[in-house]
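Student: sequence below, structure please.
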Amino acid sequence: MDEAISASGNVFENPGAHATASAAPRSESKSLSPGRRWLSFGEFLLGAVIVIGHNVYQVIPNEVPILFLIGLVSFRLRERSWTAMGMGMPIS
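Tutor: Alright, predicted model coming up:
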């Protein structure tokens with residue numbers, strides 16, 4: 001019985017064996033154009049200004065809805081569809 005468990009690859013004997021196979025990085029190497037890199041940097045700076053404006057200077061009432069909307073718009077502009085974000089009708 002013990003040989004059958006160890007031959008099947010018991011997770012308790014080698015806990016990292018199954019985790020590394022499923023968590024392996026994807027081999028896609030999509031490179032961003034310089035324009036998209038600047039857009040990402042601008043989005044980062046805008047988010048930082050909003051968070052600092054709320055937490056440090058208290059000039060923005062609540063940053064969460066603002067950041068959420070900016071994230072939605074950014075995702076929509078990059079992926080060109082709401083279904084890429086998971087906002088589609090379920091298949092089943």
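Student: got the residue ranges for the strands in the chain?
Tutor: When assigned using DSSP state E, the chain turns out to have no strands.
Student: could I get the average pLDDT for the helix ranked longest in it?
Tutor: The residue-count maximum for a helix in the chain (DSSP state H) belongs to helix 34-55. Averaged across helix 34-55, the pLDDT comes to 94.
Student: before we move on, what about stretch 84-91?
Tutor: Mean predicted lDDT for stretch 84-91 stands at 83.
Student: quick check: end-to-end length of that stretch?
Tutor: When the termini of stretch 84-91 are compared using CA to CA, to the nearest Å, they are 14 Å apart.
Student: excluding chain neighbours, what is closest to E43?
Tutor: In space, not counting the residues next to it along the chain, E43 is nearest to S74; the distance is 5.8 Å by CB to CB, 6 or more residues apart in numbering. C-beta coordinates here come from the backbone N, C-alpha and C atoms, glycine included.
Student: could you check how far that neighbour is from L39?
Tutor: Shown here: S74 relative to L39, a distance of 8 Å by CB to CB, to the nearest Å.
Student: and G88, how far is that from I52?
Tutor: Distance from G88 to I52, counting by CB to CB: 35 Å.
Student: quick one, helices of the protein?
Tutor: Under the criterion DSSP H, helices of the chain are mapped to 2-7, 16-22, 34-55, 63-79.
Student: export the third one as CSV, just CAs?
Tutor: So that's helix 34-55. In CSV, the C-alpha atoms belonging to helix 34-55 read as follows (Å, rounded to 0.1, in the frame of the first residue of the first chain):
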residue,chain,number,x,y,z
PRO,A,34,7.1,52.4,-25.9
GLY,A,35,3.7,54.2,-26.2
ARG,A,36,2.0,51.6,-24.1
ARG,A,37,4.8,51.7,-21.6
TRP,A,38,4.3,55.4,-21.2
LEU,A,39,0.6,54.9,-20.9
SER,A,40,1.2,52.4,-18.1
PHE,A,41,3.6,54.8,-16.4
GLY,A,42,1.0,57.6,-16.6
GLU,A,43,-1.7,55.3,-15.1
PHE,A,44,0.6,54.5,-12.3
LEU,A,45,1.4,58.2,-11.6
LEU,A,46,-2.3,59.1,-11.8
GLY,A,47,-3.1,56.3,-9.3
ALA,A,48,-0.3,57.5,-7.0
VAL,A,49,-1.5,61.1,-7.1
ILE,A,50,-5.0,60.0,-6.2
VAL,A,51,-3.9,57.8,-3.3
ILE,A,52,-1.5,60.4,-2.0
GLY,A,53,-4.2,63.1,-2.5
HIS,A,54,-6.6,61.1,-0.3
ASN,A,55,-4.2,59.7,2.4
